[in-house]
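Peer 1: What follows is a predicted structure for the sequence shown.
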Amino acid sequence: MKGYFRFISAALVIFILLTSFAAPRTLTDNRELILQLMMQTLKSQHYDAVTINDDYSEKVYELYVKRLDFGKRYFTKSDIQQLQKYTTKIDDEINNSSFVFYDEAMGILKSRLTLVKSFYKDILGSSFDFSTSETIETDEDKVEYALNEAEIRQKWYKLFKYETMTRLSAMMEEQEKALEKKDTAYKEKTFTEMEKTARERTLKSYDDYFKRMDRLVEDDWFSLYLNSIAGAFDPHTEYYPPKDKENFDIQISGRLEGIGATLQEKDDYIKVVRIVPGSASWKQGELKAGDVILKVAQGDEDPVDIVGMRLDDAVQLIRGKKGSVVKLTIKKMDGTVKVIAITRDVVIIEESLVKSAIIEDTKSGLRIGYIKLPQFYTDFTKTGGKGCAEDVKQELLKLKSENVKGIVFDLRDNGGGSLQDAVDIAGFFIPRGPIVQVRSRYGSPLVLEDTDPSVIYGGPLVVMVNTLSASASEIFAAAMQDYKRAIIIGSNTTYGKGTVQRFYNLDDFAYNRNPNNESFGSLKLTIQKFYRINGATTQLKGVIPDVLLPYIYNYSKIGEVELDFPMPWNEIQPASYTTWSSSYSLETIRKNSDKRVAGNDVFNLIEANSKRLGEDESKSLITLKIDDYLAEMEKYKEESKKYENIEKVIESIKVFQLSEDVKTTKADTSAMARIKFWHEEITKDAYIYEAVNVVGDIK
């Protein structure tokens with residue numbers, strides 16, 4: 001349900017968006033020079049030679065106004081009308097290093113902040129009537145700006161009432177559970193008492209918020225404006241003030257040290273897109289891709305709302321020492337909310353590395369090799385460690401010695417990594433030839449090739465992908481598809497990120513314009529684009545599998561296409577390559593798979609759940625009548641129960657460890673326990689079983 005749990009105000013969104021951009025006062029002192037340096041870098045280094053014209057101006061205007069007032073609770077229609085005269089003038093201001101639009105927008109916003117500060121305590125000082133039939137619209141696109149200050153107050157009244165209601169409902173549920181358990185340590189409270197407590201907690205949240213807002217300086221607001229100018233080029237292009245350089249690696253990967261999750265930032269939400277194998281989240285098991293993180297609490301401390309928070313700010317809250325506990329309030333895709341406690345820990349390295357097994361299907365007698373590659377890792381430090389290509393090669397050789405009749409190569413949830421390793425691995429399955437084209441702004445595309453004529457494995461090959469397979473995973477799958485070397489099987493499409501970013505220090509472009517040796521920050525901008533050997537980019541469209549399967553996110557909004565102003569899909573000249581000679585009929589394989597999937601109860605449940613979640617995402621009008629709200633929440637919980645534990649053991653599947661691996665792990669009880677658990681998971685995975693069936697169809 002889009003925007004279903006917007007617990008915090010647009011004002012809080014503004015603060016949290018800006019906390020990571022707090023920078024030295026020299027930013028605003030040098031704002032004309034910083035803007036010039038930034039535009040100079042963007043114009044000369046960005047992949048796309050964006051023309052600074054009226055169309056570009058409209059994009060900057062849209063981003064900036066949206067980021068200033070996410071929920072449309074500050075500006076009035078007259079405020080917007082006043083600012084709209086700049087919609088097509090921002091390009092002129094940028095070219096002239098002028099800030100009239102910025103200054104005027106900030107003046108209006110600050111006056112509205114003062115207005116809200118004048119009445120918020122008054123609203124939260126009186127009890128709410130939760131028996132009236134009121135609603136709140138949580139989808140920003142469906143919300144209208146207020147006509148006047150009275151309507152602004154009404155918007156905030158409904159927001160405070162909504163936030164108090166969600167806290168109140170959680171307290172009521174907690175009390176109900178305590179009474180059911182006959183917990184003698186729990187003191188029963190009346191509805192009035194709980195409402196008062198919930199309202200006081202909402203008040204405290206906004207007291208803290210306004211204190212933080214008061215500490216904002218002009219540079220914080222200015223950084224947000226610069227990011228709107230950068231973001232109009234593409235969603236991965238961003239400005240970083242000097243103070244934020246330490247967060248560069250976090251921003252690139254989105255990986256949260258301590259719990260192990262990869263996130264996507266979209267509008268005012270932070271969504272989990274991948275769980276790192278072997279991480280604390282992976283071991284805990286409740287946090288899933290698609291979950292939205294609403295709040296973060298350190299142990300038993302009060303939670304902090306993070307709706308609208310920038311990714312690197314959320315990282316600072318979630319990161320922590322090994323052994324400490326972080327509690328995440330998350331919204332599941334069906335709208336239900338729960339608190340997950342995760343004990344921070346280091347990643348079990350073995351779980352992030354490639355591993356393989358032998359799968360036997362007792363029905364068909366088929367014996368195939370299964371390889372799982374969680375990420376395209378490599379030794380970036382050049383300290384002698386191996387990359388994943390060498391590890392995959394060894395697994396292939398071991399599987400060949402086991403006389404498997406086909407291989408399933410699993411890249412589901414693989415977010416990418418080392419491009420060179422992806423190229424090398426692709427080369428194991430084909431004779432020499434091009435694997436991917438990398439195009440920069442200037443010059444001809446660079447073709448990365450496999451130069452080794454040998455083929456490590458030439459038998460039947462199935463590659464598994466899903467919506468969370470991205471970047472290098474897409475390059476590998478696309479190459480195997482273009483060569484007709486493998487059958488690609490999975491969800492509607494992969495993630496669709498086909499661009500490369502690089503950091504530039506603006507100080508390097510200042511030359512003789514920086515006599516005081518000041519630091520002006522850095523830019524992360526898009527410099528390259530990936531293209532398949534057939535000429536099509538993987539950007540936006542990703543890789544569409546040959547065989548499509550039901551998937552939990554097939555009807556949900558996940559992927560590059562959901563970001564603001566993504567780079568477009570396009571084509572260039574294909575590379576010269578020769579396809580693999582094969583005798584199977586792809587159309588027959590599709591028909592066989594469709595027939596099996598249609599008769600599979602697990603896939604039918606996945607499809608039904610996927611459609612349900614897609615429909616729930618579009619529901620944004622929320623009741624403020626607590627009885628109706630509780631009934632809706634109960635309905636969602638009951639619906640979700642239908643789809644819990646739908647995995648079941650596939651009796652015909654048997655999983656074995658490779659003979660060579662048995663020798664090296666049999667004395668390690670911890671490793672054997674992890675292997676046993678992994679094998680059990682394989683026997684319950686309907687996707688793997690269907691991939692095995694497709695290998696059989698190839699043969």
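Peer 2: Great, that's in hand.
Peer 1: When you work out contacts or count neighbours from here on, use the C-alpha atoms and nothing else.
Peer 2: Will do.
Peer 1: May I see the buried residues of the top strand by length along the chain?
Peer 2: When the chain is parsed with DSSP state E, its longest strand is strand 522-531. For strand 522-531, a neighbour-count test (16 or more other CA atoms under 10 Å) marks 522-531 as buried.
Peer 1: what residues does that strand touch?
Peer 2: 38, 42, 45-47, 234, 236-242, 245, 436-441, 475, 498-507, 537-539, 571-572 (CA atoms under 8 Å, 6 or more residues apart in numbering).
Peer 1: From the chain's centroid, how far away is that strand?
Peer 2: The chain centre lies 19 Å from the centre of strand 522-531; the measure is CA atoms, centre = their mean, to the nearest Å.
Peer 1: then whichever strand or helix holds Ala389 to PDB, C-alphas only?
Peer 2: If you go by DSSP states H and E, Ala389 is part of helix 388-401. What follows is helix 388-401, C-alpha atoms only, in PDB (Å, rounded to 0.1, in the frame of the first residue of the first chain):
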ATOM      1  CA  CYS A 388      34.600 -15.500  -7.600                       C
ATOM      2  CA  ALA A 389      35.600 -16.400 -11.200                       C
ATOM      3  CA  GLU A 390      38.400 -18.700 -10.000                       C
ATOM      4  CA  ASP A 391      36.100 -20.200  -7.300                       C
ATOM      5  CA  VAL A 392      33.300 -20.800  -9.900                       C
ATOM      6  CA  LYS A 393      35.800 -22.500 -12.200                       C
ATOM      7  CA  GLN A 394      36.800 -24.900  -9.400                       C
ATOM      8  CA  GLU A 395      33.100 -25.800  -8.700                       C
ATOM      9  CA  LEU A 396      32.500 -26.500 -12.400                       C
ATOM     10  CA  LEU A 397      35.500 -28.800 -12.600                       C
ATOM     11  CA  LYS A 398      34.300 -30.700  -9.500                       C
ATOM     12  CA  LEU A 399      30.800 -31.000 -10.900                       C
ATOM     13  CA  LYS A 400      32.200 -32.300 -14.200                       C
ATOM     14  CA  SER A 401      34.100 -35.000 -12.300                       C
END
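Peer 1: So which elements touch that helix?
Peer 2: strand 355-361, helix 419-427 (3 or more CA pairs under 8 Å, 6 or more residues apart in numbering; DSSP states H and E).
Peer 1: Output the contacting helices and strands for the next helix-or-strand element following that helix.
Peer 2: As assigned by DSSP H and E, the chain's next helix or strand after helix 388-401 is strand 407-410. With contacts defined as 3+ CA pairs under 8 Å, 6+ apart, strand 407-410 has these neighbours: strand 366-372, strand 461-465, helix 686-698.
Peer 1: want to throw those into a markdown table with distance to Phe656 and mean pLDDT?
Peer 2: As requested, the helices and strands packed on strand 407-410 are exported to a markdown table (distance: least, CA to CA, whole Å; pLDDT from 0 to 100):
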| stretch | distance to Phe656 | mean pLDDT |
| --- | --- | --- |
| strand 366-372 | 10 | 97 |
| strand 461-465 | 19 | 98 |
| helix 686-698 | 15 | 97 |
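Peer 1: Ala178: which of those is closest?
Peer 2: Closest approach to Ala178 among the helices and strands packed on strand 407-410 (CA to CA): helix 686-698, 38.5 Å.
Peer 1: List of residues touching the closest one?
Peer 2: With CA under 8 Å, 6+ apart, helix 686-698 has contacts from 366, 368, 406-408, 460-462, 464, 489, 584, 589, 592-593, 602-603, 647, 650, 653, 682.
Peer 1: go on, stretch 500-520?
Peer 2: Contacts of stretch 500-520 (CA under 8 Å, 6+ apart): 26-27, 34, 37-38, 41, 236-237, 241-242, 521-530.
Peer 1: same check, this time on stretch 39-53
Peer 2: The contact list for stretch 39-53 (CA under 8 Å, 6+ apart) reads 56, 88, 91-92, 230, 233, 440-441, 504, 506, 509, 525-529.
Peer 1: What is the nearest of those to Val543?
Peer 2: Lys529 (15.0 Å).
Peer 1: Apart from its chain neighbours, what residue comes closest to the closest one?
Peer 2: Spatial nearest neighbour of Lys529, excluding adjacent residues (CA to CA, 6 or more residues apart in numbering): Thr499 at 4.4 Å.
Peer 1: How many neighbouring residues does that neighbour have?
Peer 2: Counted with other CA atoms under 10 Å, residues neighbouring Thr499 total 24.
Peer 1: Tell me who's in contact with it.
Peer 2: 526-530, 539.
Peer 1: State the distance from it to Glu560.
Peer 2: 10 Å (CA to CA, to the nearest Å).
Peer 1: number of nearby residues for Gln81?
Peer 2: Using other CA under 10 Å, Gln81 is surrounded by 11 other residues.
Peer 1: cool, Glu104 as well?
Peer 2: Quick note: Glu104 (other CA under 10 Å) scores 12 neighbours.
Peer 1: residues in contact with it?
Peer 2: Leu83.
Peer 1: how about 6 Å then?
Peer 2: Glu104 makes contact with no residue under the criterion CA atoms under 6 Å, 6 or more residues apart in numbering.
Peer 1: Double-check that it belongs to a helix.
Peer 2: Yes: assessed by DSSP: H, G, I helix; E, B strand; the rest coil, Glu104 belongs to a helix.
Peer 1: Could you report the separation of Asn600 from Lys177?
Peer 2: Asn600 is 37 Å from Lys177, by CA to CA.
Peer 1: before we move on, the earlier item: buried only: go through the contacts of strand 522-531 for me.
Peer 2: Buried among the contacts of strand 522-531 (16+ other CA under 10 Å): 38, 42, 45-47, 234, 236-242, 436-441, 475, 498-501, 503-507, 537-539.
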